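Peer 1: need a 3D model of the sequence below.
(one chain, ligands or ions: 2)
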Amino acid sequence: MTNNLDLSEEKNWLSLKKDLKNSVGDSAYNNWLKHLSFISFENTTLSFSLPTKFLRDWIVNNYSDKIKSDSKKYINNIEVIKFVVKPHGGRIVPGTTRTIKSTDNQWKSTLDIRSNQQSSYPNEFGAPLDPRFTFENFVVGKPNELAFAASQRIAEADNVSFNPLFLYGGVGLGKTHLMHAIGWKLKELKPERKVIYLSAEKFMYQFVRALRYKDTSAFKEQFRSIDVLMIDDVQFISGKDNTQEEFFHTFNALIEQNKQIVISADKSPSDLDGVQERLKSRLGCGLVADIHPTTYELRLGILIEKAQKRGVEIPAKVLEFLSHRIISNVREMEGALNRLVAHATLVGTSITVETAQVVLQDLLKSSNKRITIEEIQKKVAEHYNIRITDMHSPRRSRSVARPRQIAMYLAKSITSRSLPEIGRKFGGRDHTTVMHAVKKIEELKLQDVNFNEDIELLKRLIDS
Ligand code: ADP
Ligand code: MG
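Peer 2: Numbering: from 1, shown residues only. Ligands and ions are numbered 1, 2, ... in the order given. Reported below is the predicted structural model:
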């Protein structure tokens with residue numbers, strides 16, 4: 001056709017690249033489309049090359065629509081677009097051509113023509129809810145009360161009060177549990193509402209898949225009828241520029257339509273690494289509720305509840321022991337309880353602190369590392385009958401200075417804290433003071449058998 005422009009002419013090619021940059025944005029352009037080179041336009045087939053297979057696949061999956069529409073402004077009778085792998089300056093890698101065909105205005109990626117027979121976008125979206133994760137089964141304590149109340153509000157309120165709800169906290173502290181609980185409650189109270197729960201990874205997967213089979217509009221279509229969207233573990237979305245972009249747009253569109261969004265992550269929005277600033281601020285613009293690490297009381301409460309649910313009698317002493325010793329997260333604690341119950345059932349013994357110690361040896365060992373300096377200070381102060389404040393005080397009399405040195409020594413040998421960190425916890429002392437204390441105690445242990453035994457006893461006390 002006469003009005004086609006020749007892309008092998010530098011100025012036309014540059015102009016098309018500029019259009020692409022405008023349509024995908026600077027960062028996506030620099031990451032991906034910058035690497036695109038024009039090869040030829042012959043018999044309605046437009047060919048481009050990319051230097052690596054990875055880039056080629058990514059571009060075919062994510063940008064073929066944009067490339068198509070922008071190229072059409074230059075060449076109006078394109079029927080096929082080919083993407084070939086051609087290392088810089090090298091020749092085309094055989095067998096790596098991927099073709100995008102245009103038929104009736106509908107562009108279909110024929111990424112892998114043999115295996116890709118089904119071109120329909122799969123309908124299943126979202127993930128099922130775990131029946132155990134309900135509000136009724138959730139034990140509330142100080143560390144999670146805000147997150148719990150906010151989640152309940154979302155499930156029970158008639159209109160959107162804060163959007164999005166952003167739940168964050170460490171592993172195994174109940175984020176997923178709360179999201180499922182919102183889902184269950186909504187099903188019960190407002191069954192007509194369409195609620196979708198999915199992991200950020202699944203979101204990305206669905207997105208890339210949508211691109212491959214049709215285009216992004218199919219993906220967006222999925223959201224149209226949704227009333228509540230919950231996306232779990234968004235920290236996994238970080239770094240993937242193109243998906244972030246899509247996430248951002250989907251997110252904005254839903255918020256504008258007054259749809260409720262619930263997000264979880266292991267960090268606060270502002271601390272998410274590799275996430276664009278504008279997305280961070282968007283994520284943090286509703287209610288941000290953090291779930292703090294569990295306290296002893298909450299752990300005990302959860303254990304009592306879980307033991308009851310399982311209908312097993314577990315002595316209070318054992319539950320107390322577990323709540324003291326397994327402090328990292330609730331999932332681990334539940335695992336410990338399960339193991340203990342299984343062991344008792346199989347072996348036919350009763351559950352005692354002693355059996356717990358044996359059966360859970362590995363778990364207990366790994367949680368030793370989590371003993372805090374404060375706990376050590378407390379135990380040592382109790383043992384030597386001094387005040388805990390003496391651990392921080394400048395007093396130098398032997399009666400308090402020695403126990404303080406012992407506590408420093410134990411902090412160094414039991415925890416993974418550095419000398420300066422330990423010094424800080426002892427009234428802002430210098431790291432050389434801590435080093436000196438450690439040396440001193442080591443010497444004394446070698447010189448004095450009784451002293452050595454005393455320290456070993458203390459260590460065991462702190463460990464158990
Ligand atoms: P996260 O998603 O924050 O990593 P989960 O929601 O998967 O953590 O929780 C891990 C496990 O601990 C689940 O089995 C969950 O039921 C349980 N759990 C966490 N917090 C609580 C709680 N407050 N009450 C009852 N169970 C809890
Ligand atoms: Mg989770």
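Peer 1: give me the buried positions along the helix or strand containing residue 411.
Peer 2: Of the helices and strands defined by DSSP states H and E, residue 411 is found in helix 398-414. Of the residues in helix 398-414, those buried under the neighbour-count criterion (16 or more other Cβ atoms under 10 Å) are 400, 402-412, 414. Just so you know, the C-beta spots here come from the backbone N, C-alpha and C atoms, and that holds for glycine as well.
Peer 1: would you mind listing what in the stretch 101-250 of the chain touches ligand 2?
Peer 2: Within the stretch 101-250 of the chain, the residues that sit near ligand 2 (Cβ under 5 Å from the ion) are 175-176.
Peer 1: can you pull out the strands in the stretch 101-250 of the chain?
Peer 2: Shown for the stretch 101-250 of the chain, the strands assigned by DSSP state E, counting those that start in this stretch span residues 106-110, 165-169, 195-199, 228-232.
Peer 1: what's the closest of those strands to residue 440?
Peer 2: Comparing the strands of the stretch 101-250 of the chain by their distance to residue 440 (Cβ to Cβ), the top pick is strand 165-169, with 40.6 Å.
Peer 1: so what does the closest one touch, helix or strand wise?
Peer 2: Helices and strands in packing contact with strand 165-169 are listed as helix 145-156, helix 175-189, strand 260-265, strand 287-291; criterion 3 or more Cβ pairs under 8 Å, 6 or more residues apart in numbering; DSSP states H and E.
Peer 1: highest average neighbour count across those?
Peer 2: Most buried of these by mean neighbour count (mean count of other Cβ atoms under 10 Å) is strand 260-265; its value is a mean of 25.
Peer 1: that strand pairs with which strands, parallel or anti?
Peer 2: The sheet places strand 260-265 alongside strand 165-169 (parallel), strand 228-232 (parallel), with pairing taken from DSSP bridges.
Peer 1: before we move on, back to that, give me the helices and strands touching the helix holding residue 411, please.
Peer 2: Packed next to helix 398-414, using 3+ Cβ pairs under 8 Å, 6+ apart, are helix 373-384, helix 419-425, helix 431-447, helix 449-463.
Peer 1: would you list the ones you listed in JSON lines and tack on distance to ligand 1 and mean neighbour count?
Peer 2: Conversion of the helices and strands packed on helix 398-414 to JSON lines gives the following (distance: least, Cβ to the nearest ligand atom, whole Å; neighbours: other Cβ atoms under 10 Å):
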{"stretch": "helix 373-384", "distance to ligand 1": "23", "mean neighbour count": "18"}
{"stretch": "helix 419-425", "distance to ligand 1": "27", "mean neighbour count": "18"}
{"stretch": "helix 431-447", "distance to ligand 1": "35", "mean neighbour count": "16"}
{"stretch": "helix 449-463", "distance to ligand 1": "25", "mean neighbour count": "14"}
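Peer 1: ok, which of the ones you listed comes nearest residue 33?
Peer 2: Closest among those, using Cβ to Cβ: helix 419-425, at 47.2 Å.
Peer 1: list of residues touching the closest one?
Peer 2: When contacts are defined by Cβ atoms under 8 Å, 6 or more residues apart in numbering, helix 419-425 is touched by residues 373-374, 377, 408, 411-412, 415, 417, 429-431, 433-435.
Peer 1: and the pLDDT for the residue of the stretch 151-300 of the chain found nearest ligand 2?
Peer 2: When Cβ to the ion is the measure, the stretch 151-300 of the chain has its nearest residue to ligand 2 at residue 176, with 3.3 Å between them. In this prediction, residue 176 carries a pLDDT score of 97.
Peer 1: over to residue 15?
Peer 2: pLDDT for residue 15: 93.
Peer 1: just give the closest residue to it, not the sequence neighbours.
Peer 2: Across the structure, with Cβ to Cβ, 6 or more residues apart in numbering as the measure, the residue nearest residue 15 apart from its sequence neighbours is residue 74 (7.8 Å).
Peer 1: same check, this time on residue 38
Peer 2: Ranked by Cβ to Cβ, 6+ apart and with sequence neighbours excluded, the top spatial neighbour of residue 38 is residue 7, at 4.7 Å.
Peer 1: got phi/psi on that neighbour?
Peer 2: The main-chain torsion angles of residue 7 are listed as degrees, to the nearest 10 and equal phi -70, psi -10.
Peer 1: can you count the residues close to it?
Peer 2: With neighbours defined by other Cβ atoms under 10 Å, the count for residue 7 comes to 21.
Peer 1: if I look at it, how far off is residue 29?
Peer 2: Remark: distance between residue 7 and residue 29 (Cβ to Cβ, to the nearest Å) = 17 Å.
Peer 1: roughly how far does the closest residue to ligand 1 within the stretch 1-150 of the chain sit from residue 57?
Peer 2: Ranking the residues of the stretch 1-150 of the chain by distance to ligand 1 (Cβ to the nearest ligand atom) places residue 139 first, at 3.7 Å. To residue 57, residue 139 is 46 Å away according to Cβ to Cβ.
Peer 1: same deal with residue 328?
Peer 2: As judged by Cβ to Cβ, residue 328 and residue 57 stand 39 Å apart.
Peer 1: same check, this time on residue 272
Peer 2: Separation of residue 272 from residue 57 (Cβ to Cβ) stands at 27 Å.
Peer 1: just residue 146 next, same as before
Peer 2: Shown here: residue 146 relative to residue 57, a distance of 43 Å by Cβ to Cβ.
Peer 1: okay, the contacts of helix 419-425 in CSV with pLDDT and distance to ligand 2 next?
Peer 2: Listed next are the contacts of helix 419-425 as CSV, based on pLDDT from 0 to 100; distance: Cβ to the ion, whole Å:
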residue, pLDDT, distance to ligand 2
373, 93, 30
374, 93, 29
377, 95, 34
408, 97, 38
411, 93, 32
412, 89, 35
415, 80, 27
417, 83, 28
429, 95, 40
430, 94, 42
431, 94, 38
433, 96, 42
434, 96, 38
435, 94, 41
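Peer 1: quick check: residues of the stretch 201-350 of the chain near ligand 1?
Peer 2: On the criterion Cβ under 6 Å from any ligand atom, ligand 1 has as its neighbours in the stretch 201-350 of the chain the residues 302, 330-331, 334.
Peer 1: list only buried entries from those.
Peer 2: Judged by neighbour count, with buriedness set by 16+ other Cβ under 10 Å, the buried members of those are 302, 330.
Peer 1: so can I have TSV of the residues of the stretch 201-350 of the chain next to ligand 1 showing distance to ligand 2?
Peer 2: Conversion of those to TSV gives the following (distance: Cβ to the ion, whole Å):
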residue	distance to ligand 2
302	16
330	11
331	9
334	13
